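Participant: test case, fold it:
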Amino acid sequence: MTIVYIFLTAVLSATAQSVTGFGYGVVSMAALPLVMSPVSAVAISGLIGNVQSVYLSLKSRRHINFRIMLIPLISSVISAWITIRIVVRQPDELMKKVLGVFLIGMALYLLFLNNRIKIRANVKTGLISGIVSGVANGLFGMGGPVTVMYMMAATKDKEEYLSTTQCLFLLSGIFTTIARLFSGVFTVQVWKYSALSILGMLIGLVLGNYIFKKITQKQLNFFVYGFMMCMGLIIIVT
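Facilitator: Next up, the predicted model:
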């Protein structure tokens, strides 16, 4: 049952990220800690999210806007690296408590504050969103929602939004995965479950690509924020 559970989690996570530009970490980290430690869960989630970002970035590479992603990328990488070095030294029980608090806080934000806060794309917001995203990514691989808020304001259409966001996730994800490798997080079991998750991710990519081609920019905006609200409810239940 654990293998089936991990496989289905990968399918749902990949579908969400293919459509919204984020979501692999949010979905998987709401589900995987039920069957493994938070540190192992975030290692798998981060690795598979990187693999998917490679495909999505290459697929729409002509629409990537490197200028608007530079500041959040640099600040995200630095803050994530520092966070990972601290997290790996903490006991699982403490991390489970921190994860619970983080999930509840994110859920409350998604439910009650998301639509009331508007972000303007500039150097200051890019720096802040990068730092916050990096810390959240280093802790639980869930820096996506913060990055999405900035990218939705900074990009001009859905193609630029999805491609630039995925490229940012890819580059920052490479650094965080390297940090986890050097920290000894990737055990034999983590590699085994990661291989299984790649199969689920491929199915999720197909489903997500089909949905993405059928929606407009306005529908994409609605889907992104609607998805964040739904995930908030799922996280609360979890």
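Participant: residues in contact with residue 122?
Facilitator: The contact partners of residue 122, taken as Cβ atoms under 8 Å, 6 or more residues apart in numbering, number zero. From N, CA and C alone the C-beta is placed, and that goes for glycine too.
Participant: and the helices in this structure?
Facilitator: With DSSP state H as the definition, the chain shows helices at residue ranges 2-20, 24-31, 38-59, 66-87, 92-112, 123-140, 144-154, 158-182, 188-213, 217-237.
Participant: give the buried residues for the longest one.
Facilitator: Translated: helix 188-213. Residues of helix 188-213 classed as buried under the neighbour-count rule (16 or more other Cβ atoms under 10 Å) are 190, 193-194, 196-197, 200-201, 203-205, 207-209, 212.
Participant: could I get the average pLDDT for stretch 213-232?
Facilitator: Across stretch 213-232, pLDDT averages out at 66.
Participant: before we move on, back to that, tell me which of the helices of the chain sits most buried.
Facilitator: Ranked by mean neighbour count, the helices of the chain are led by helix 24-31 with a mean of 28 (mean count of other Cβ atoms under 10 Å).
Participant: circling back: how about the buried residues of helix 188-213 in TSV, adding distance to residue 176?
Facilitator: Compiled in TSV, those are given as follows (distance: Cβ to Cβ, whole Å):
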residue	distance to residue 176
190	15
193	18
194	15
196	21
197	17
200	21
201	18
203	25
204	21
205	21
207	26
208	22
209	25
212	25
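Participant: and the contacts of stretch 48-57?
Facilitator: Stretch 48-57 is touched from outside by 10, 13-14, 17-18, 24-25, 28, 64, 141, 162-163, 166-167, 169-170, 173-174, 177, 194, 197-198, 201, 204-205, with contacts defined as Cβ under 8 Å, 6+ apart.
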